[in-house]
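Undergrad: generate coordinates for the sequence data below:
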Amino acid sequence: MTLLAKSEQENLRAGDKLLPQTFGPFEMPHLARYAEVSGDSNPIHLDEALARKAGLAAPPVQGMLLMSAFEPALTAWRPDFVLQRLSAKFLRPVLAGESIVVSGRVGSVAGDGAARATLRLMAHNERREIVVLAEAVLVAAN
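TA: Below you'll find the predicted structure:
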């Protein structure tokens, strides 16, 4: 489902919003599966006792697993564009059992018919704290 009417899909404009989308909750089985397929064997993501020793109430979700929520949010919003680049800054941990809400706004557009756009993205936790700040570059799909 796209979040813009078809008539609005022709051009991106600075200020266009990526409406909030929720991902999660990220449960322990998700963290374990992600660790297995990604090779991220850091035990802090899988061992509740170790997470508590580190001062966390539960294991933190892997950063790259959190980043994987941005691409489907962008694709659902604008399937006529593809993600070219994504970078992120992690501000605070998201813990096992928590969800995130991804949202954002187009910062700038370039090219004929706005064929390239830079977006400022963020993810909030359930307490409405910003947990990830990200930047994405989208290009028009061919």
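
Undergrad: which residues does the nearest residue in space to V82 that is not next to it in sequence contact?
TA: Counting by C-beta to C-beta, 6 or more residues apart in numbering, V82 lies nearest to A141, which is 5.1 Å off, once chain neighbours are set aside. In this view, the C-beta of every residue, glycine as well, is placed from N, C-alpha and C. A141 is in contact with 79-82, counting by C-beta atoms under 8 Å, 6 or more residues apart in numbering.

Undergrad: F26 reaches A123, doesn't it?
TA: No: F26 lies out of contact with A123 (C-beta atoms under 8 Å); the separation is 11.5 Å.

Undergrad: need the overlap of contacts for these two.
TA: 66, 94, 100.

Undergrad: top of the residues you listed by neighbour count?
TA: V94 (27 neighbours; other C-beta atoms under 10 Å).

Undergrad: how many neighbouring residues does G107 have?
TA: Neighbours of G107 under the rule other C-beta under 10 Å: 15.

Undergrad: equivalent analysis for E129, please.
TA: 11.

Undergrad: how close does the residue nearest to V82 sit to P79?
TA: Shown here: A141 relative to P79, a distance of 8 Å by C-beta to C-beta, to the nearest Å.

Undergrad: and L119, by the same measure?
TA: L119 is 15 Å from P79, by C-beta to C-beta.

Undergrad: quick one, which of these two is more surrounded?
TA: Remark: of L119 and P79, L119 carries more neighbours, 26 against 12, as counted by other C-beta under 10 Å.

Undergrad: tell me what the more buried one is bridged to.
TA: Counting by DSSP bridges, L119 forms beta bridges with V106, A136.
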